[in-house]
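Peer 1: build the 3D model from these lines:
(4 chains)
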2 protein chains.
Amino acid sequence: MRKNSSTNYENEQVLHDFCDAAYTLSVLSGRWKLTILVKLMEQDLRFGEIKQMIPKITERVLALQLKNLEQDQLILKIQHKSDPKAPVYRLSLKGKSLKPLINSLAKWGEKYK
Amino acid sequence: MRKNSSTNYENEQVLHDFCDAAYTLSVLSGRWKLTILVKLMEQDLRFGEIKQMIPKITERVLALQLKNLEQDQLILKIQHKSDPKAPVYRLSLKGKSLKPLINSLAKWGEKYK
DNA sequence: CCGTATCCAAATAGATACTG
DNA sequence: CAGTATCTATTTGGATACGG
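Peer 2: Prediction:
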C-alpha cells in the first residue's frame, strides 16, 4: 500500500511542465531581486535611489542583480539622450506581469510560514 | 516626470508583504527540490526510488534536499515500526498545498520564458 | 538499502577602492 | 552619480568512499 490514496480526487488539477516553473523560480531567485522588483512596482528608480532604499546592498551586487533582471527582460534600463548619465530602471511588461504571481507567493508564505 | 503614469489603475492589486513571498521562494529554491516535490505529488517514494528517477543527483545532495524539505515541513519521513529501515517520503498537507502555486509558476514561465 | 563523511568545485554575495 | 575592479567569504552542489 504505497500508492497515495488521494490519487482520484486530486488529479483534477493537471500538473504543468515544472521546467517552466523552474524557469520562473530562476528569474526570481537572487538575494535582492524580489526587493528590487517590488520597489520598481511603485516607481521608476535610479541606481543611487535603489541603493538608498536598500542600504545593505553593495554597489557591486546591486549592479549584478540589475544586470540579471535586465537580461531576463524583467526591467528596462532607460537612457535619455539628453542625459545618458542618468539612466532610470523601469519594470517591463514582463516584469509587471509578475505582480499577481508575487502576490500568490506572498499569500502562500503568509499562510504557511 | 519620473513617477510612473500607471500609478492610478494598477494599484487595485494591493501588494502583500513581499517577505512572505521571499519565504516561499526560499523553501522552493534548491537544485532538485521542485523535481522531488513533483515526483512526490504522484506517489510516496523511498530514497532509492527517488535516486533512480533522478539519476544525476548524488546521494549526499538527495539527502540534503530531503532534509531541507522535511525541515520546512513540506514532506514527511514515514518510518514503520515493522521495518524502520524502509522509510517513505510523503508530501505533507503543506507540501500538497504548493501544487496550485507551482502551476502558477509554470504558467507564467510557459508564457514568458 | 539508506544514508553519512570527506574533500572539492562552482556560484553567489560582500568589502572596499577606484574610475569616467 | 553610476558603476567597475579586486579580493575574499559564504553557500550550494558534486564525486567518491565508507558505515549501520
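
Peer 1: distance of A:Q43 from A:K111?
Peer 2: 29 Å (CB to CB, to the nearest Å). Just so you know, the C-beta spots here come from the backbone N, C-alpha and C atoms, and that holds for glycine as well.

Peer 1: neighbour-wise, which of those two wins?
Peer 2: A:Q43 (15 against 11; other CB atoms under 10 Å in any protein chain shown).

Peer 1: mind listing what the residue nearest to A:V38 when sequence neighbours are not counted touches?
Peer 2: Leaving aside its chain neighbours, A:V38 sits nearest to B:F18 (4.8 Å; criterion: CB to CB, 6 or more residues apart in numbering or on different chains). Applying CB atoms under 8 Å, 6 or more residues apart in numbering or on different chains, we find B:F18 in contact with A:34-35, A:38, A:102, A:106.

Peer 1: before we move on, what about A:Q65?
Peer 2: Contact partners of A:Q65, counting by CB under 8 Å, 6+ apart, are A:30-33, A:36, A:57.

Peer 1: could you save those as TSV and add columns showing pLDDT and secondary structure?
Peer 2: As requested, the contacts of A:Q65 are exported to TSV (pLDDT from 0 to 100; DSSP: H, G, I helix; E, B strand; the rest coil):
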residue	pLDDT	secondary structure
A:G30	96	coil
A:R31	96	coil
A:W32	97	coil
A:K33	98	helix
A:I36	98	helix
A:I57	97	coil
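
Peer 1: A:P87 and DNA strand C, how far apart?
Peer 2: 11 Å (CB to the nearest atom of the strand, to the nearest Å).

Peer 1: swap in A:Q73?
Peer 2: Remark: distance between A:Q73 and DNA strand C (CB to the nearest atom of the strand) = 17 Å.

Peer 1: how many neighbours does the residue in chain A that DNA strand D sits nearest to have?
Peer 2: Going by CB to the nearest atom of the strand, DNA strand D is nearest to A:G48 of chain A, at 2.7 Å. Counted with other CB under 10 Å, the neighbours of A:G48 add up to 11.
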